[in-house]
Structure formats: structure tokens, C-alpha cells
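> got a predicted structure plus its sequence, pasted below:
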Amino acid sequence: MPKKPTRQRERQRQRHSQKVVRKATPGTSELPIWRKRRWLIIIGSFFVIIALIAGPLSAAYVSGPGPTPTPFPTDTPAPTVEQPTPTLTPTPGEGTPRPTPTAAAPTATPTLGPPTPTPDGKIGQAVSNMGTAILGPGQPTPVYNSRPPTSGPRNAVWVDRAIYDKPIPEDKQVHNLEKGYVLLQYNCPQGCQDIVDQLKKLFIDLAPDVIVAPYPNMDHKIAATAWTRVLYLDQLDDSTLTTLKEFIVTWRNKSPEPGVRVTPTPVGTPPQ
């Protein structure tokens, strides 16, 4: 005996029959709702894009071309600077005035100071330094830049401090000057005992820095020499004697090798 169909089986039969009908007649089948929505969205987007593209084109076609822009000027003319007009002063007897010349600034006149003083302003004459070279054996005595000499190439030997009655060789004089001595030398072909006596007194009073000797190769009666310094005198009185003492005190030991002294000799003949 056949079984009585239940409700569930009835529903399954209906669904199966609907699927068979859809496959047999696909044109009559309906799409699901979610597919309908997707197609609506695609079609709507398509029309929106067409509207966005066609809008500006249609507006340009209706309105026509716009006005041509005016170009901006590139060349600006330079501002005109007004030059000052020179003042014209009419010249008497002439109809055309001439420009007034501009006066030049006055040149300052230099102020002249007092005369240039001597290099040191001290007593005696300054003599250029000829150095302190030592003469070798057989080497001749040079020509010095003063008489008596005050510097220059010298003998390797110097003389003792003394009162000499014969001239001292020039190259040895220079060596004594280098040691700081002051030489008092005289030139008296006819004799001048009074001068010699006063020089001997200075030898004693200002020891041990003085040497006295004759020197015939000069144009003055008396010459006092120190290193690069000379004082000439033609007589000895109170005034010149004071000057001579001042020279000795000022310039003794102002030399390259000051203070070298030897045993004094009262009277002697210098070695040749």
C-alpha cells in the first residue's frame, strides 16, 4: 500500500518542478535581486560619466571662443633722470653766458718743523762703523774713514795703556778703541809742550781709560778718538779742556769689547 505523502515531500516536489520549468524556459526565469542591483549600479554610473564629459563640451559649443588675453609688456622704459642745469653767469661784454667754473679745494701747505737734530745730539762727530775684522799676517793696513781711525779692520795686538812719545800704528789704535779706550793724540811739528802736559794730566785723572800719543797725519793739533767717534781741537783752554773731559767720560767703554785693561806704563814706545 503506497505511503501517504507528507508536507515536506510535497515541498521538495514543488521546488524540483520549478527548476525543471526554469531550465526548459530560460527566458521566463527571473534574476535574483542582488544581480538586479548590480546592473542598476553599472548602468547608472555609465550615464553619470557621459553627463560629466558631455556637459563642458556642450557649454563650450554654445558660448563660443573666449576673448584673446592681452600680453603683459616686457620692455619697461627706464625712468628719466633729470640732470642739474649749470648756473650761467653772464660775462661783461658778451651776450652768451658761460658756466661758472667750480673752484678747486685749496691745497694744505705742509708745516715745516724745526731742523733735524744730529743723530744723537752728543759731543763729538759720529763716524761710520767699519767693523772689527782682524788683519791676517802680511795683510796691509786699510785706508780708514777718519784720521785718526775710529773703527775698522785691526791688528790682533793692542798696546798697553801709556803715554807714548812715538805714534801708535793705526791698526793697533783700532784694537784699543775696540776695548773701550779713548786715545788723546796731538800734532805739533814745532812743539807744544803745554798741550802735552795737559794731556798727561788727563791720563792720570781719568785712568785707566786714556792713552796719549803723537799723531802727525791730521790737520788739527788735537784729536780725541773713541769707538766710531772723534773730537778735533786746535787749542786747550778752560772751555775746550772741559769739552775734552766730557768727551772722554761720555764715550769711554762704548765699544764692542769694553773694560779690557792692561798694566799701565808711565812712558813708553809702542810696539811696531
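Looks like it came in fine.
> only C-alpha atoms for contact and neighbour calcs from this point on.
Will do.
> strands of this structure, residue ranges please.
88-89, 98-99, 125-126, 162-164, 182-186, 210-214, 222-226, 229-233, 265-268 (DSSP state E).
> can you say which of the ones you listed is nearest to Thr243?
strand 229-233 (9.2 Å; C-alpha to C-alpha).
> tell me the pLDDT at Arg15?
Listed pLDDT for Arg15 reads 72.
> ok, now how distant is it from Arg7?
Distance, Arg15 to Arg7, using C-alpha to C-alpha, to the nearest Å: 13 Å.
> so what's the residue count around the nearest residue to Thr240 once chain neighbours are set aside?
Residue nearest to Thr240 in three dimensions, not counting chain neighbours: Leu233, with 7.5 Å by C-alpha to C-alpha, 6 or more residues apart in numbering. A count of nearby residues for Leu233, using other C-alpha atoms under 10 Å, gives 15.
> do Asp237 as well
Counted with other C-alpha under 10 Å, Asp237 comes out at 10.
> thinking again about what came up before, would you agree the residue nearest to Thr240 is in contact with Lys221?
Yes: the pair Leu233 / Lys221 is scored as a contact, 6.4 Å apart, by C-alpha atoms under 8 Å.
> could you dump the strands of the chain into JSON lines and include mean pLDDT and distance to Arg147?
JSON lines is the format used below for the strands of the chain (pLDDT from 0 to 100; distance: least, C-alpha to C-alpha, whole Å):
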{"stretch": "strand 88-89", "mean pLDDT": "48", "distance to Arg147": "74"}
{"stretch": "strand 98-99", "mean pLDDT": "46", "distance to Arg147": "71"}
{"stretch": "strand 125-126", "mean pLDDT": "94", "distance to Arg147": "12"}
{"stretch": "strand 162-164", "mean pLDDT": "95", "distance to Arg147": "18"}
{"stretch": "strand 182-186", "mean pLDDT": "98", "distance to Arg147": "11"}
{"stretch": "strand 210-214", "mean pLDDT": "96", "distance to Arg147": "12"}
{"stretch": "strand 222-226", "mean pLDDT": "98", "distance to Arg147": "9"}
{"stretch": "strand 229-233", "mean pLDDT": "96", "distance to Arg147": "9"}
{"stretch": "strand 265-268", "mean pLDDT": "47", "distance to Arg147": "22"}
